[in-house]
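S.K.: here are the coordinates; sequence isn't available:
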């Protein structure tokens, strides 16, 4: 069976040396933590998709500073191909639309939450960066 590959983007939002983690409020991974973001729509650039997704999920505007890493992860029923970017909030106050909770994590706290499997690779890259 050929699993479909889902292309997504994730925002690594940093403020005051802390990283934003969001807790899934729905679906298969409900209760697990992730970096916010989502699927790239047809005709969208990765950057445009990320800006749109963060506005939809968190009601804020972001500035994308640089590419962090590409993560490929195979779940039981699909493959994930995720590009993550270091970002900051440029406008607005976070209002959670799809997540049940958020945390601002210092580098020393990154291992203290239950991440969605694919995001662990990003956490490991972040530890080298922070």
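M.R.: Now that the structure is in, tell me what you want to look at. Computed from a predicted model, the values in this text were never measured in an experiment.
S.K.: counting contacts, what elements does the helix or strand residue 127 falls within pack onto?
M.R.: Secondary structure assignment for residue 127, by DSSP states H and E: helix 119-129. The contact analysis (3 or more CB pairs under 8 Å, 6 or more residues apart in numbering; DSSP states H and E) places helix 119-129 against strand 4-15, strand 61-74, strand 78-91. For the C-beta atoms, the positions are set from N, CA and C on the backbone; glycine is no exception.
S.K.: Can you list the strands that the second one pairs with?
M.R.: For strand 61-74, the pairing partners within the sheet under DSSP bridges are strand 78-91 (antiparallel).
S.K.: hmm, who's touching the partner strand?
M.R.: By CB atoms under 8 Å, 6 or more residues apart in numbering, the surrounding residues in contact with strand 78-91 are 3-15, 35, 37, 46-47, 50, 54, 60-74, 118, 122, 125, 129.
S.K.: What is the subsequent helix or strand relative to that strand?
M.R.: Remark: after strand 78-91, the chain's next helix or strand is strand 99-105, criterion DSSP H and E.
S.K.: That next one - what's its average pLDDT?
M.R.: Across strand 99-105, pLDDT averages out at 97.
S.K.: between it and helix 119-129, how big is the angle?
M.R.: Interaxial angle, strand 99-105 versus helix 119-129 (axes from the mean of the first three to the mean of the last three CA atoms, to 10 degrees): 20 degrees.
S.K.: any idea how far strand 99-105 is from the chain center?
M.R.: Here strand 99-105 shows a centroid-to-chain-centroid distance of 12 Å under the convention CA atoms, centre = their mean, to the nearest Å.
S.K.: same for that strand, what does it pack against?
M.R.: Judged by 3+ CB pairs under 8 Å, 6+ apart, strand 99-105 is in contact with strand 18-24.
S.K.: Any stretches of the protein with poor pLDDT?
M.R.: Counting by pLDDT under 70, the chain shows low-confidence ranges at 1.
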